[in-house]
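Asker: Here is the input, now give the coordinates:
(chains A and B)
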Amino acid sequence: MKDERDSILIQEFKQGDEKAFNQLVLRYQKRIYTLAYRLVRNHEDAADLSQEVFVRAYRNLKRFEERSSFYVWLTRIAVNLCINFSRRDKFRSFLSIFDISGKPEVSVSPDKDMEKEELRLALDRAVKSLPERQRVTFVLKRYQDLPYKEISQIMEISEGAAKANYFQAVKKLKKLLVQYR
Amino acid sequence: MRCKDVSPLLIGYQENSLGPQERGRVKKHLRECDRCSKEFEEIERLYQLLAEESVPPPQESFWTNFLPEVRTRIESKRKTRGLFFPKPRLVAGVLTVVIVAIVSVFVFTSDEKSLVELRPQQMEEVAVSTPELSSTAAELAEMLSAEGEVSLTILLANGDEQQLDLIEGILEEDYLSELSLNSVLSELDVEELKELEQSIEALQVGDIL
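Answerer: The predicted structure is shown next:
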């Protein structure tokens, strides 16, 4: 659903008001950061990617015709950036197999609640192991609370496919996290 | 209701997204079926686990610096774009065309023939790097998708700064290039499309050799 305030800010920006764009960033920075975090699952990359989302948005906002809501459009940018990042990251991980001086994957502070940390790592592994489309659909549905219709627009798939992706993701997570239940 | 009909509805049941009738039927089945009931418990437990995990809040300074950081990036990219550094994949495309050009020139000089005298087969080889110029945006989209970097390179080699900016803007955006180019082009207005079409039609093989 389109947000009237967003539309006004977008029009103001298109007419040359740079401050309108700042308002849009402030309105959505937390949601986009959270989405990026859910997809890449660490702060540094989520911070970098979420800022990059707004840079891309800035450069393309004048061509944005509001056929979807601004938030859905931003989400689409974020999802694609995160997918590209994950693909590169997967490749780097693959290369790091050959790097014996590489850092260990798990670094748990003794002060941290071990159980929570364990759960976090288990979820990290489980979510990261999902096929790309399932992972994105799962995050958009479960955490961003987007309806299947909007998810299907973002992912350019049918609503049925979005539902199937989500169900498959839940099934797999259920299986992968069986020992934490 | 049979188990195989209930199983796909359990997630919807957990999320309260079923209609009242369907919900009632699933509820009734769960009361009677241990297997489905167990599966539902597992789903519920998974949702509990997911709810327990939250995104760690970044430091407050992260939010204070967020907008200035975005602005800095926008400015720095604007400056970089002014200098026009092509992306590696575009460089790869340029190299491809250069190699094709060198091979073509080699063929030309060794046979001491002009380009127009090349045998039809040789002309076809040259034409590989020169897409069929189309008059519609849809065909342009297909052409670019099919020809990849080589076509882009031709555009890059010939376009003026404004054209380059337009083309680069469309094609370098990862989030857009992940999608079909048709959908990208549909975002352009008529003038931009015409501009793009004209710049492509103006291209000739001789321009790049």
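
Asker: any idea of the pLDDT on the residue nearest to residue B:16 when sequence neighbours are not counted?
Answerer: Spatial nearest neighbour of residue B:16, excluding adjacent residues (CB to CB, 6 or more residues apart in numbering or on different chains): residue B:23 at 8.0 Å. For glycine as for every other residue, the C-beta is placed from the backbone atoms N, C-alpha and C. For residue B:23, the model assigns a pLDDT of 93.

Asker: Please list the residues outside the strand or helix carrying residue B:23 that contact it.
Answerer: Assessed by DSSP states H and E, residue B:23 sits inside helix B:20-32. Residues outside helix B:20-32 that contact it (CB atoms under 8 Å, 6 or more residues apart in numbering or on different chains) are B:1, B:3, B:6, B:9-10, B:12-13, B:16, B:18, B:36-37, B:40.

Asker: Point out where chain B drops to low pLDDT.
Answerer: B:80-92, B:94, B:104-189, B:202-209 (pLDDT under 70).

Asker: Give me the domain ranges for chain A.
Answerer: According to automatic domain parsing, chain A is divided into the following domains: A:1-103, A:105-181.

Asker: actually chain B, sorry about that
Answerer: The record, using automatic domain parsing to delimit domains, assigns chain B the ranges B:3-52, B:87-208.

Asker: Quick check: the residue of chain A found nearest chain B vs residue B:27, distance?
Answerer: In chain A, no residue comes nearer to chain B than residue A:80, which is 3.5 Å away by CB to the nearest CB. As judged by CB to CB, to the nearest Å, residue A:80 and residue B:27 stand 40 Å apart.

Asker: neighbour count winner among the two?
Answerer: Shown here are residue A:80 and residue B:27; by other CB atoms under 10 Å in any protein chain shown, residue A:80 has more neighbours (22 against 11).

Asker: what angle separates the very next helix or strand once past the helix holding residue B:23 from helix B:20-32?
Answerer: Where DSSP H and E defines the elements, the next helix or strand beyond helix B:20-32 is helix B:34-52. Taking axes from the mean of the first three to the mean of the last three CA atoms, to 10 degrees, one finds that helix B:34-52 is oriented at 110 degrees with respect to helix B:20-32.

Asker: Residue A:73: neighbour count?
Answerer: 22.

Asker: helix/strand/coil for it?
Answerer: helix (DSSP: H, G, I helix; E, B strand; the rest coil).
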